[in-house]
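Undergrad: Could you look at this predicted model? Sequence included:
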Amino acid sequence: MAERTPWSLAGRLRNLFGGGGSTADAPAEAPADTSPDAPAPTTTLAPPPAPVPVPLKRVIDEDTWDELEAALISADFGPRITEETIEDLKAKVDRFRTTDPRDLQRMLRESIEERLAKFDPTLRLTERPAVVLVVGVNGVGKTTTIGKFANFVRNYGRSVVIGAADTFRAAAVEQLATWAERAGAEIVRPQHQGQDPASVAFQTVEHAKRNGIEIVIIDTAGRLHTKSGLMDEMSKIKRVIEKQAPIAEVLLVLDATTGQNGLLQAEAFLETAGVTGLVLTKLDGSAKGGFVLAVQERTGLPVKLIGQGERIGDLTGFTPHVFAQNLVGV
């Protein structure tokens with residue numbers, strides 16, 4: 001049996017619009033300043049599979065709009081953003097009096113980029129030490145994301161220590177230690193299972209200050225039974241850390257494949273943790289690329305990092321114009 005080609009928004013749009021630009025043919029982006037103290041680096045998506053050749057579609061008609069709407073919904077843009085995007089594009093098509101579907105494809109890219117660019121993806125890591133809390137429900141890839149983030153920062157010459165403050169799951173501590181070793185980062189473990197998470201966080205920041213380590217990444221509990229319990233724990237962790245150093249970022253990890261359901265599961269963190277930015281994991285192609293736009297607009301928070309694979313280097317910063325270009329395929 002032939003292997004099934006993965007669905008991608010870019011591939012579907014190229015079929016719909018009859019070709020258009022390809023990211024493979026586009027000129028290379030100039031290298032960006034991607035140090036941890038600078039705006040986040042260029043974001044790429046896994047190259048979409050080559051679409052089945054179809055005849056060039058020469059006009060924009062009702063079928064075009066129906067197929068475009070279906071494509072955006074399939075890519076997890078959500079009904080509201082899809083409707084607003086279609087209305088915006090119809091107005092632009094009328095204004096510019098174009099009937100060329102390739103113009104529509106370029107307008108779609110520009111529309112998506114414009115909406116994404118309303119949010120600043122810059123990581124704020126200028127303090128020394130810069131303390132980053134990482135939060136999220138169990139199962140979204142939080143532990144692996146911390147390891148990849150440590151590697152991401154280490155690649156720019158920064159020293160890193162990880163605090164294993166999810167103290168009630170021994171397996172999580174061991175997994176985090178494995179990722180820390182792979183990333184070349186130090187780790188502060190709980191002295192015993194169930195140790196107060198705030199004390200581990202305190203010891204981690206203390207270790208960083210004593211040894212001149214630049215970046216501190218603190219893992220936190222993935223699930224507590226009540227919202228008040230989560231609020232109490234986060235407040236305590238923040239309080240003990242801020243006695244030694246300001247908190248630079250609170251990053252919420254979300255699984256892009258779970259879409260809106262994953263966002264609902266994370267509501268308690270959004271309401272209690274003081275989240276400053278989002279990390280989307282498992283965004284290996286453009287099948288769920290619309291969730292990036294939907295999640296920013298729903299939470300009012302910027303996507304700062306995206307994970308696109310299982311390897312330690314598969315975490316990148318988020319750049320709206322490159323993401324939109326790869327998502328749409330032009």
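TA: Nice, I can see it. Since the structure is predicted, the reported quantities are computational estimates derived from the model, not experimental observations.

Undergrad: My read is that residue 198 contacts residue 235, right?
TA: No. Taking C-beta atoms under 8 Å as the contact criterion, residue 198 and residue 235 are not neighbours in contact, 9.3 Å apart. For the C-beta atoms, the positions are set from N, CA and C on the backbone; glycine is no exception.

Undergrad: okay, those two: which has more neighbours?
TA: The residue with the greater number of neighbours, taking residue 198 and residue 235 and applying other C-beta atoms under 10 Å, is residue 198; the counts read 20 against 14.

Undergrad: Pull up the gap between that one and residue 131, please.
TA: According to C-beta to C-beta, to the nearest Å, residue 198 stands 13 Å off from residue 131.

Undergrad: ditto for residue 9
TA: For residue 9, the distance to residue 131 equals 37 Å [C-beta to C-beta].

Undergrad: Now the residue of the chain most remote from its centre: phi and psi?
TA: Each residue of the chain has a distance to the centre, and by C-alpha atoms, centre = their mean the biggest one is for residue 97: 36.6 Å. Backbone geometry at residue 97, expressed as degrees, to the nearest 10, gives phi 50, psi 50.

Undergrad: Contact partners for the nearest residue to residue 221 once chain neighbours are set aside?
TA: Using C-beta to C-beta, 6 or more residues apart in numbering and skipping the chain neighbours, the partner closest in space to residue 221 is residue 166 (5.1 Å). The neighbours of residue 166, taking C-beta atoms under 8 Å, 6 or more residues apart in numbering as the test, are 172-173, 176, 197, 219-222.

Undergrad: cutoff 7 Å now
TA: 172, 219-222 (C-beta atoms under 7 Å, 6 or more residues apart in numbering).

Undergrad: Between which two of those residues is the distance greatest?
TA: 172 and 220 (10.5 Å; C-beta to C-beta).

Undergrad: and residue 157, helix, strand or coil?
TA: For residue 157, the secondary structure call by DSSP: H, G, I helix; E, B strand; the rest coil comes out as coil.

Undergrad: what about it, how many residues close to it?
TA: Burial of residue 157 is recorded as 9 neighbouring residues (other C-beta under 10 Å).

Undergrad: Repeat that for residue 191.
TA: When neighbours are counted by other C-beta under 10 Å, residue 191 registers 10.

Undergrad: same check, this time on residue 228
TA: Here the number of neighbours of residue 228 (other C-beta under 10 Å) works out to 11.

Undergrad: now residue 181
TA: By the measure other C-beta under 10 Å, the count of residues near residue 181 is 12.

Undergrad: Equivalent analysis for residue 279, please.
TA: Taking other C-beta under 10 Å as the neighbour definition, residue 279 ends up with a count of 26.

Undergrad: Also residue 148?
TA: The burial count for residue 148: 26, using other C-beta under 10 Å.

Undergrad: doesn't residue 308 make contact with it?
TA: No. Between residue 148 and residue 308 there is no contact, the gap being 10.1 Å when judged by C-beta atoms under 7 Å.

Undergrad: what residues are shared contacts of those two?
TA: With contacts taken as C-beta under 7 Å, 6+ apart, residue 148 and residue 308 have residue 314 as neighbours in common.

Undergrad: show me where the chain has strands.
TA: Ranges of strands in the chain, per DSSP state E, are 130-135, 160-164, 186-188, 215-219, 247-255, 277-281, 303-307, 315-317.

Undergrad: Direction included, what does the third one pair against?
TA: Each strand that pairs with strand 186-188, with its direction, by DSSP bridges: strand 160-164 (parallel).

Undergrad: which residues of the protein score low on pLDDT?
TA: In the predicted model, the chain carries pLDDT under 70 at residues 1-8, 10, 18-58, 223-227, 284-288, 330.

Undergrad: outside of the longest helix seen in it, which residues touch it?
TA: Once the chain is assigned using DSSP state H, the helix that runs over the most residues is helix 79-96. By C-beta under 7 Å, 6+ apart, the residues outside helix 79-96 that reach it are 60, 65, 68-69, 72-73, 77, 104, 107-108, 111, 293-294, 297.

Undergrad: Which of the residues you listed has the largest number of neighbours?
TA: Greatest neighbour count in the contacts of helix 79-96, by other C-beta under 10 Å, goes to residue 293: 28 neighbours.

Undergrad: what do residue 198 and residue 131 both touch?
TA: Between them, residue 198 and residue 131 share no contacting residue under C-beta under 7 Å, 6+ apart.

Undergrad: can you map out the helices along the stretch 1-150 of the chain?
TA: 9-17, 62-74, 79-96, 101-116, 142-154 (DSSP state H, counting those that start in this stretch).

Undergrad: Identify the residues contacting the second one?
TA: Right, helix 62-74. Outside helix 62-74, the residues within contact range by C-beta under 7 Å, 6+ apart are 9, 12-13, 16, 82, 85-86, 101, 290.

Undergrad: now the closest residue to residue 328 other than its chain neighbours: how far from residue 149?
TA: For residue 328, the nearest residue in space outside its immediate sequence neighbours is residue 109; the separation is 4.2 Å by C-beta to C-beta, 6+ apart. Applying C-beta to C-beta, one obtains 29 Å for the distance of residue 109 from residue 149.
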